[in-house]
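In: Sequence plus the predicted model coming up.
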Amino acid sequence: MRNPLSMAGYALLSIPMLLTACGGGGDGAGSWPVLFPAPAPTQTPPPAPVATTQEKCAVFAGASLAGAALKEATLVPAAAGAAEYCKVTGTLHGTLNFEVHLPTVWNNKLLYAGGGGWDGSINITPVSPSGATAGYVLVASDGGHQGNALDASAFLNNPTAQADFGYLSIHSVNEVTKEIVRKRYGSDAEFSYFEGCSNGGREALIQATRFPNDFDGIVVRAPAYSFTELFQAFVANGKALAAPGGQLNDAKVSLIGKTVTTQCDALDGVSDGIVSNQEACTFNPVVLRCTAGDADTCLTDAQIATANTIYSELKRKDGTTVYPGWGPGGEDQGWPLWVTGSAIGGTGLQFQFGSGLVKYWVTGDPAFDVLGFDPEFYSAGLRLAATTLDATPDLRSFFGQGGKMILAHGTNDWAISYKGSIKYFNDVATTVGSASTRDASMEFFLQPGVQHCAGGVGPDTVDLVDAVAKWREGGAKPSMQNIVATKLDSTTKAPVLARPLCKYPTFPKYKGSGDVNSPDSYSCQSS
């Protein structure tokens, strides 16, 4: 047998000879053949096509997401004062409609715009200017039903509509919006904000108390935070007007408004048509009592009684306060729409809203005679409605998660009294333990001469979304931001007057010199 090692050596020696025979010999400079060729280089696949903005928008049309049926998705081109965005509409459980605006250039934030009245339609326009111009994802809903904001009939024996309007619709739509945002941008919003006025202000407080983790910052304007108490006051005012001799015509309403202005205007240091020192304005309608018969230049005793009903606290039979009443100012501008109804050819909006609560929430009788409503008799129904509709002052959880809140209210608001907001602000301090605890996370501003949400003789344009965002994200309290409120010309939109926005209980007081329309001529004072 041959030696295995010898055989191995022979095999090794044979390799070069085989190679030489195949052309591997010569002068030693030849190349050795490749016995195992290298694989062909790998081809890099072309990059996936990048979806266009139009395609990123269109993907939402007809889609189902987070339990919602999305309907339309339309790319809206940029226009004057508005950047390009994708408008998405959808519905939850068939009756809750919503709309989301997804900006092409996003600021990584979300802003939910609250509703108004009894809702029934979508109003996605923010009150604060930056809400529409700073790149927020915008969202709004119709409250869970469709109809006129004055019409409460949708709530009759309808627990779903009641719950959606009362407290659930915004939270539900907000959860869907989060999924839409993730799908469009690939990430969550870094900060989420809410702004609402009137019923939207109530919705703001409902979110803060029932769903304290939904929003990082909340702007609450003129909140109807307790529908059941506010609307009882509406009904009481309507009863006073309907009493024999209690009605007030436009001439008498104008007389009241002008008398208040004459008496209280200069209390802020300048006579400019704006009553800013509201606390010092203690108008008593008895000064206008007729001395000889009735005339448009005076008030009868029955008319004085009507005015006093409006200005005074509404009390229960046990003496406790239902609603604090309204402060004087701007009657000639606000009463024809909200109180007497002369501006709309009939019943004032106060009584219309109060009637909706009584008929469709409390008594369950659409034919009920609201002028005969006895709140003591229907106290159980009012308490039940309050569990769905009314916000509490318990903001402990919202403050605890770092939430910041701005409360603002016009002093010439004849829909919702600024005194109600003062009460709520004080109640928050009691509930959270102290004024200092409240003030670390909440600030309150009165807006002199401003009517309901906007309008009036005072400066009604002020960007509170920007203010609350700076507070939540950067730590600067609104009262330290030197915020200025302006009044814009209705045609040119140019500022015609401006005032510093003063933290309650201070007001803008004229320094005694300088342009009366410039904010630099005023300082925030308490007296």
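Out: Noted; the coordinates are in hand.
In: Residue 353 reaches residue 228, doesn't it?
Out: No. If you go by CB atoms under 8 Å, residue 353 and residue 228 don't touch, sitting 11.8 Å apart. Every C-beta, even on glycine, is put in place using the N, C-alpha and C of the backbone.
In: what residues go with each domain of the chain?
Out: 53-225+388-525, 230-387 (automatic domain parsing).
In: among these, which is nearest residue 44?
Out: domain 53-225+388-525 (24.3 Å; CB to CB).
In: first to last residue in that closest one, what's the distance?
Out: Terminal residues of domain 53-225+388-525 lie 51 Å apart, using CA to CA, to the nearest Å.
In: Need the nearest residue in space to residue 513, chain neighbours excluded.
Out: residue 521 (7.2 Å; CB to CB, 6 or more residues apart in numbering).
In: Count the residues that sit near the one you found.
Out: A total of 20 residues lie near residue 521 under the criterion other CB atoms under 10 Å.
In: Does it touch residue 510 like I think?
Out: Yes. Using CB under 8 Å, residue 521 is in contact with residue 510, at 6.1 Å.
In: Tell me where the stretch 101-250 of the chain has helices.
Out: For the stretch 101-250 of the chain, the helices defined by DSSP state H, counting those that start in this stretch cover 130-133, 159-163, 169-185, 199-210, 227-242, 250-264.
In: would you list those helices in TSV and tack on mean pLDDT, mean neighbour count and distance to residue 485?
Out: Listed next are the helices of the stretch 101-250 of the chain as TSV, based on pLDDT from 0 to 100; neighbours: other CB atoms under 10 Å; distance: least, CB to CB, whole Å:
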stretch	mean pLDDT	mean neighbour count	distance to residue 485
helix 130-133	95	19	14
helix 159-163	98	17	36
helix 169-185	99	20	27
helix 199-210	99	26	17
helix 227-242	99	23	25
helix 250-264	99	18	19
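In: which stretch among these comes nearest residue 149?
Out: Nearest of those (CB to CB): helix 199-210, 8.3 Å.
In: pull the CA atoms of the closest one into PDB?
Out: The C-alpha coordinates for helix 199-210 follow below in PDB (Å, rounded to 0.1, in the frame of the first residue of the first chain):
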ATOM      1  CA  ASN A 199     -70.500  76.400  24.500                       C
ATOM      2  CA  GLY A 200     -67.000  75.800  23.100                       C
ATOM      3  CA  GLY A 201     -65.700  77.300  26.500                       C
ATOM      4  CA  ARG A 202     -67.900  74.800  28.300                       C
ATOM      5  CA  GLU A 203     -66.400  72.000  26.100                       C
ATOM      6  CA  ALA A 204     -63.000  73.300  27.000                       C
ATOM      7  CA  LEU A 205     -63.700  72.900  30.700                       C
ATOM      8  CA  ILE A 206     -65.400  69.500  30.100                       C
ATOM      9  CA  GLN A 207     -62.200  68.200  28.500                       C
ATOM     10  CA  ALA A 208     -60.000  69.500  31.300                       C
ATOM     11  CA  THR A 209     -62.100  67.900  34.000                       C
ATOM     12  CA  ARG A 210     -63.200  64.700  32.300                       C
END
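In: Give me the residues contacting it.
Out: Residues outside helix 199-210 that contact it (CB atoms under 8 Å, 6 or more residues apart in numbering): 113-119, 166-167, 170-171, 194-196, 214-215, 218-225, 227, 389-392, 394-395, 397-398, 403, 405, 416, 424.
In: now those residues: which count as buried?
Out: Burial by neighbour count, 16 or more other CB atoms under 10 Å: within these this picks out 113-119, 166-167, 170, 194-196, 214-215, 218-225, 227, 389-392, 394-395, 398, 403, 405, 416, 424.
In: So which residues of the stretch 251-400 of the chain form strands?
Out: 314-315, 321-323 (DSSP state E, counting those that start in this stretch).
In: how about low-confidence regions in this protein?
Out: Within the chain, the ranges that satisfy pLDDT under 70 run 1-43, 45-50.
In: 80 instead, please
Out: 1-50 (pLDDT under 80).
In: Bridged to residue 446, which residues?
Out: Beta bridges link residue 446 to residue 409, judged by DSSP bridges.
In: What residues does the spatially closest residue to residue 283 that is not a sequence neighbour make contact with?
Out: With CB to CB, 6+ apart as the criterion, residue 283 has its nearest non-adjacent residue at 4.0 Å, and that residue is residue 328. Shown in contact with residue 328 (CB under 8 Å, 6+ apart): 260, 264, 275, 281, 283, 311.
In: can we see that at 7 Å?
Out: Each residue near residue 328 by CB atoms under 7 Å, 6 or more residues apart in numbering is listed here: 260, 281, 283, 311.
In: Nearest to residue 64 among the residues you listed?
Out: Using CB to CB, these come closest to residue 64 at residue 311, 53.7 Å.
In: There's contact between the closest one and residue 325 in this structure, I believe.
Out: Yes. Here residue 311 lies in contact with residue 325, judged by CB atoms under 7 Å, at a distance of 5.3 Å.
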